[in-house]
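Asks: sequence unknown, structure follows:
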Ligand code: HEC
């Protein structure tokens, strides 16, 4: 009986400690890169999450209401800053933002093709500059 009580106390103590620990860490940030993630990498991750939400809305025939501040793509600091400073990057990001603008202001009947044009634009910059995440981005296609 006594041993059980002690184990329960120890268990509670450990639980308390581990809760205190999670409070110190920010629960929703999980940096994958041990050197810390660049602003651009974090923005890209948000764009992907947001993109998957947009996908659901487009599938229901709507113009997505949840469009992030993707304009930051011009100013966010990248892991390799020279990459994001290149003319190539600027061209790709400008045409990407055009597809976003078209989607924001488009009609519902065009939602599917405007959304697909946006995903194509994610893919073409990645194909040229950063092919790794393409497997993930492909999940954003409607089918
Ligand atoms: C103009 C070029 C460009 C466009 C357009 C672009 N990306 Fe990226 N993306 C990059 C670059 C460069 C990186 C590497 C960022 C870094 O490491 O600093 C990246 C990184 C990523 C990553 C990996 C982030 C991580 O976890 O490290 C994901 C996921 C991603 N992009 C998704 C997207 C999605 C989704 C879109 C479209 C909604 C998109 N990208 C549009 C250039 C682009």
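Replies: The structure has been received and is ready for your questions. Nothing here was measured: the structure is a model prediction, and the numbers come from that model.
Asks: What segments of this protein are helices?
Replies: With DSSP state H as the criterion, the chain has helices at 2-24, 39-59, 81-85, 87-105, 111-129, 134-137.
Asks: Save these as TSV, and put in distance to the ligand and mean pLDDT too.
Replies: Where you see a C-beta, it was placed from the backbone N, CA and C, and this is true even at glycine. Below are the helices of the chain laid out as TSV (distance: least, C-beta to the nearest ligand atom, whole Å; pLDDT from 0 to 100):
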stretch	distance to the ligand	mean pLDDT
helix 2-24	22	45
helix 39-59	3	93
helix 81-85	5	91
helix 87-105	4	93
helix 111-129	3	96
helix 134-137	5	97
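Asks: now those in TSV, with mean neighbour count?
Replies: Below are the helices of the chain laid out as TSV (neighbours: other C-beta atoms under 10 Å):
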stretch	mean neighbour count
helix 2-24	9
helix 39-59	17
helix 81-85	13
helix 87-105	15
helix 111-129	17
helix 134-137	13
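Asks: With residue 69 as the reference, name the closest of those.
Replies: helix 39-59 (8.8 Å; C-beta to C-beta).
Asks: Can you name the residues in contact with the closest one?
Replies: Helix 39-59 has contacts (C-beta atoms under 8 Å, 6 or more residues apart in numbering) with 33, 37, 63-68, 70, 72-73, 76-79, 84, 111-112, 115, 118-119, 122, 133, 136-137, 139-140, 142.
Asks: what's the answer for stretch 98-107, then?
Replies: Identification of contacts with stretch 98-107 by C-beta under 8 Å, 6+ apart yields 63, 64, 67, 70, 111, 114, 115, 117, 118, 120, 121.
Asks: again, only this time at 6 Å
Replies: Residues from elsewhere that reach stretch 98-107 (C-beta atoms under 6 Å, 6 or more residues apart in numbering): 67, 70, 114, 117, 118, 121.
Asks: What's the separation between the first one and residue 53?
Replies: Going back to what we said before, that points to residue 67. Distance of residue 67 to residue 53, given as C-beta to C-beta, to the nearest Å: 10 Å.
Asks: Nearest to residue 95, out of the contacts of stretch 98-107: which one, please.
Replies: When the contacts of stretch 98-107 are ranked by distance to residue 95 (C-beta to C-beta), residue 121 comes first, at 6.0 Å.
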